[in-house]
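Asker: show me how the following folds:
(one chain, ligands or ions: 1)
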Amino acid sequence: MQINDVTHYEVVGEIAVATLNSPPVNALSQRVRIGINEAVEKAVADPSVKAMVLICEGRTFFAGADITEFGKGKLLPTLREVQETIENASKPVIAAIHGTALGGGLEVALVTHYRVAVPSARCGLPEVKLGLLPGAGGTQRLPRIVGPERALEIITSGDQLSAQDALEMGLLDKVVEEGKLREGAIAFAEQVVAENRPLVKVREMNDKVDPAKVDPALFDNFRKAKARKFRGFKAPEHIIRCIEAAVNMPFDEAFKYERQLFEELMADSQSAAQRHVFFAERQAAKIDDIPKDTPTQDIRKVGVIGAGTMGGGIAMNFLNVGLPVTIVETKAEALERGLGVIRKNYENTAKKGRISQDDVETRMGLLTGSLDMAELSDCDLIIEAVFEQMDIKQAVFSRLDEFAKPDAILATNTSYLDVNDIAAMTSRPEQVVGLHFFSPANVMRLLEIVRADKTSKSVVATSLKLAKQIGKVGVVVGVCFGFVGNRMLAQRQREAEKLILEGAWPWDVDRVLYDFGFPMGPFAMRDLAGMDVGWDPEKSSSSTVREILNEMGRRGQKTNAGFYDYDEKRKATPSKVVEQVILDFCEKKGISRRPVSDQEILERCVYSMVNEGANILLEGKAARASDIDIVWITGYGWPAYRGGPMFWGDLVGLDTILDSLRKLEAEHGDDFKPSPLLERLVSEGKGFKDL
Ligand code: 3H9
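Answerer: Numbering: from 1, shown residues only. All right, here's what the predicted structure looks like:
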């Protein structure tokens with residue numbers, strides 16, 4: 001019988017089976033909670049029922065609380081009330097898990113008396129990724145099963161556990177045959193009944209959290225070890241405190257404390273930002289004029305032109321998911337070097353234990369090097385990653401046009417150039433797209449998919465699908481100088497360079513942006529990347545501070561000197577030499593330096609980016625503000641807890657930003673000319689979120 005539209009209930013012999021089915025991921029919405037509650041009450045009330053199995057239909061067990069219900073007030077029954085019903089049932093309830101038991105979903109499983117799963121199932125508490133903590137007892141019950149040390153790792157990382165690992169840790173009681181979860185869970189329930197097994201309540205298991213057994217330094221050591229990773233985020237510290245409470249307080253008290261800290265996080269802008277990012281990432285894959293059923297092409301073999309750092313990194317993405325790659329270079333030496341670097345990267349990953357030596361060999365086995373571009377004639381996708389110069393890229397594409405399969409996708413990894421001009425070199429511009437990877441290309445999650453005027457819908461849809469397949473977030477952008485990411489970066493870069501002449505030091509600018517949450521500031525970044533990237537010694541004429549530093553041989557970290565001085569451990573200290581170079585330069589140019597406040601640094605570097613983002617939207621080069629947020633979070637280290645530049649702009653207040661831009665425009669000119677879109681939104685009292 002149906003209990004409600006998402007809950008089916010039946011009795012098989014002596015076992016009640018409640019099956020929940022609320023696509024797409026069985027999130028614990030109000031209807032689902034009502035269904036579970038009533039099913040348990042029904043099973044308890046029926047004397048012929050001896051135990052109950054709780055199982056889901058569709059692709060997964062409950063994937064968590066329903067995030068779309070957050071902020072909508074208290075919808076009864078609450079998840080905690082449902083949990084109480086289950087935990088206090090007078091008959092054993094068995095969770096039957098497939099897919100992913102995540103967040104509130106796993107917390108429901110943790111109040112059942114036993115848990116079984118199929119081998120492919122995964123479990124996790126990913127709330128931290130939403131700026132939250134598991135607020136339905138997860139921080140209290142997980143440590144009681146796996147111990148506080150492991151619980152700290154699992155909950156603060158949000159990573160998923162395989163069924164096998166979960167079984168070994170005691171989180172699961174049994175793993176049953178794949179595809180036979182229902183039968184397996186019913187058989188297990190019958191066994192529990194036959195053996196008259198107890199109603200196990202995790203809340204009563206204290207041996208792993210017994211203070212006598214827990215090293216009191218555990219928590220502080222963990223904090224220290226993870227300080228860099230957690231910098232700026234509030235949720236990890238809240239999680240640590242809850243697990244500390246699990247050790248040091250009675251269950252009921254610690255459970256209340258968990259609730260209190262959960263609510264603190266829920267009310268905080270960090271969680272709002274991170275939830276925005278969750279939905280924005282999924283939204284980015286949806287393009288208005290490209291329906292879900294747009295036909296896509298099969299990509300079975302990939303060609304990469306250029307075996308430099310970028311080409312090599314790009315190739316690794318496909319090798320990692322089992323796609324064969326042929327990589328082409330013009331000279332044997334460069335090819336050998338490129339192949340060697342890829343192998344070395346894999347060997348290093350294997351040394352860290354993240355992949356096996358067999359994986360290294362399998363991946364290298366899929367890689368072929370060649371000096372002849374024509375060998376790419378059977379590739380379904382060819383990505384060009386040669387020198388960033390229009391005539392060179394155009395020559396590559398006109399050559400590609402001669403031999404590539406008629407339906408091959410021809411992609412350029414250009415960071416700035418006009419993809420239309422590149423596509424025009426072929427007889428099939430509809431097959432040409434920009435696939436802009438971010439360095440290191442095998443690590444950074446962003447893939448800007450540059451849709452040129454004639455790029456076909458199928459090519460865009462295929463690119464989006466491929467991005468997901470290689471673990472990247474594809475964001476579709478339009479053709480313009482620097483696309484979305486680099487176009488906005490140019491604003492920040494320009495202001496940073498102006499500020500160090502006007503009165504700030506490079507380390508002031510870096511500190512302000514680091515404190516804002518970026519992994520490093522623009523000058524530290526320049527030192528890391530190499531001061532001489534894009535510098536031409538032939539043309540260098542001491543016309544900028546950077547040129548002078550290059551001329552002095554200060555090429556960045558690799559020469560132990562750039563904007564900073566570096567010791568043998570690469571520790572940076574502000575450089576007196578650079579200070580003097582800047583002072584001399586200012587004197588020569590007649591610039592009188594003045595004190596520059598941290599607030600001015602922040603506004604000039606970051607408001608100008610928000611303003612450029614508004615222009616990008618106005619010109620239709622990004623489909624929505626949240627796409628820009630995703631570009632900056634996944635490609636440039638914008639702190640996720642600030643939700644991306646456009647989300648953050650709304651949070652600061654567009655009127656505040658506009659006021660500041662107007663003042664800056666009056667003082668410094670056109671660089672701060674407010675975007676007409678920003679002016680319009682402010683006059684209408686709206687934000688980017690309302691677009
Ligand atoms: C929590 O549980 C708090 C508790 O501790 C305390 C409570 C008191 N809610 O990712 P996909 C949607 S916090 C609502 O593309 P996949 C998603 O937006 C929660 N909607 O699929 C998308 O919609 P659309 C802790 C959700 O197969 C569709 O489902 N749980 C939720 O690549 C498909 O999603 C999590 O953080 C949700 N919870 O991956 C888990 N989850 O089609 C978050 C998904 O309209 N979810 N949607 O764009 C995930 O990690 C992945 O979605 C999952 C599937 C692995 C489940």
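Asker: flag the shaky bits of the stretch 51-200 of the chain, pLDDT-wise.
Answerer: Nowhere does the stretch 51-200 of the chain drop to pLDDT under 70.
Asker: mind doing that once more with 90?
Answerer: Within the stretch 51-200 of the chain, the stretches with pLDDT under 90 are 71-74.
Asker: what's the helix or strand hosting Phe647 packed up against?
Answerer: Here Phe647 sits within helix 645-652, counting by DSSP states H and E. If you count contacts as 3 or more CB pairs under 8 Å, 6 or more residues apart in numbering; DSSP states H and E, helix 645-652 packs onto helix 269-283, helix 608-618, helix 625-635. For the C-beta atoms, the positions are set from N, CA and C on the backbone; glycine is no exception.
Asker: quick one: average pLDDT of the second one?
Answerer: Helix 608-618 shows a mean pLDDT of 98 in the predicted model.
Asker: just give me how far it sits from the chain centre.
Answerer: Its chain's C-alpha centre and that of helix 608-618 lie 23 Å apart, by CA atoms, centre = their mean, to the nearest Å.
Asker: residues of the stretch 251-400 of the chain that sit close to the ligand?
Answerer: Within the stretch 251-400 of the chain, the positions near the ligand by CB under 6 Å from any ligand atom are Phe279, Arg282.
Asker: first to last residue in stretch 508-528, what's the distance?
Answerer: 17 Å (CA to CA, to the nearest Å).
Asker: flag every buried residue along that stretch.
Answerer: 508-514, 516-518, 521-527 (16 or more other CB atoms under 10 Å).
Asker: now the helices and strands packed on helix 645-652 in a markdown table, with mean neighbour count?
Answerer: As requested, the helices and strands packed on helix 645-652 are exported to a markdown table (neighbours: other CB atoms under 10 Å):
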| stretch | mean neighbour count |
| --- | --- |
| helix 269-283 | 19 |
| helix 608-618 | 23 |
| helix 625-635 | 27 |
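Asker: now for the residue in the stretch 151-300 of the chain positioned nearest to the ligand: which residues touch it?
Answerer: Nearest to the ligand in the stretch 151-300 of the chain, going by CB to the nearest ligand atom, is Arg282, at a distance of 4.0 Å. Going by CB atoms under 8 Å, 6 or more residues apart in numbering, Arg282 touches no other residue.
Asker: for the residue of the stretch 301-450 of the chain found nearest the ligand, what are its contacts?
Answerer: For the stretch 301-450 of the chain, the residue closest to the ligand is Arg445, as judged by CB to the nearest ligand atom, at 14.1 Å. Listed by CB under 8 Å, 6+ apart, the contact set of Arg445 reads Gly471, Lys472, Val473, Thr634, Gly635.
Asker: hmm, the third one is touching Glu281, no?
Answerer: Yes. Using CB atoms under 8 Å, Val473 is in contact with Glu281, at 5.6 Å.
Asker: what residues are shared contacts of the two?
Answerer: Common contact partners of Val473 and Glu281 (CB under 8 Å, 6+ apart): Ile630, Thr634.
Asker: okay, now Asn320: neighbour count?
Answerer: Other residues within reach of Asn320, judged by other CB atoms under 10 Å, total 17.
Asker: and Trp505, how far from Ala561?
Answerer: Between Trp505 and Ala561 the computed distance is 16 Å (CB to CB, to the nearest Å).
Asker: pull the helix holding Phe647 out as CSV, backbone CA atoms only.
Answerer: Only the C-alpha atoms of helix 645-652 are listed here, as CSV (Å, rounded to 0.1, in the frame of the first residue of the first chain):
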residue,chain,number,x,y,z
PRO,A,645,32.4,37.6,-6.9
MET,A,646,28.8,38.2,-7.9
PHE,A,647,27.3,36.5,-4.9
TRP,A,648,29.7,38.5,-2.7
GLY,A,649,28.8,41.7,-4.5
ASP,A,650,25.1,41.1,-3.6
LEU,A,651,26.1,40.5,0.0
VAL,A,652,28.2,43.6,0.3
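Asker: that helix - what's its average pLDDT?
Answerer: On average, helix 645-652 scores 98.
Asker: and the next helix or strand along the chain from that helix, what does it pack onto?
Answerer: Counting by DSSP H and E, the next helix or strand C-terminal to helix 645-652 is helix 654-668. Here helix 654-668 touches helix 608-618, helix 676-683, going by 3+ CB pairs under 8 Å, 6+ apart.
Asker: okay if I get those helices as JSON lines plus distance to Asn420?
Answerer: Putting these into JSON lines (distance: least, CB to CB, whole Å) gives the following:
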{"stretch": "helix 608-618", "distance to Asn420": "17"}
{"stretch": "helix 676-683", "distance to Asn420": "24"}
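Asker: quick one: which of the ones you listed is nearest the ligand?
Answerer: That would be helix 608-618 among the helices and strands packed on helix 654-668, by CB to the nearest ligand atom, at 21.4 Å.
Asker: contacts for that closest one?
Answerer: 480, 484, 487-492, 494-495, 622, 624-625, 628, 645-646, 648-649, 657, 661, 671-672, 674-678, 681, 688, 691.
Asker: no more questions from me, cheers.
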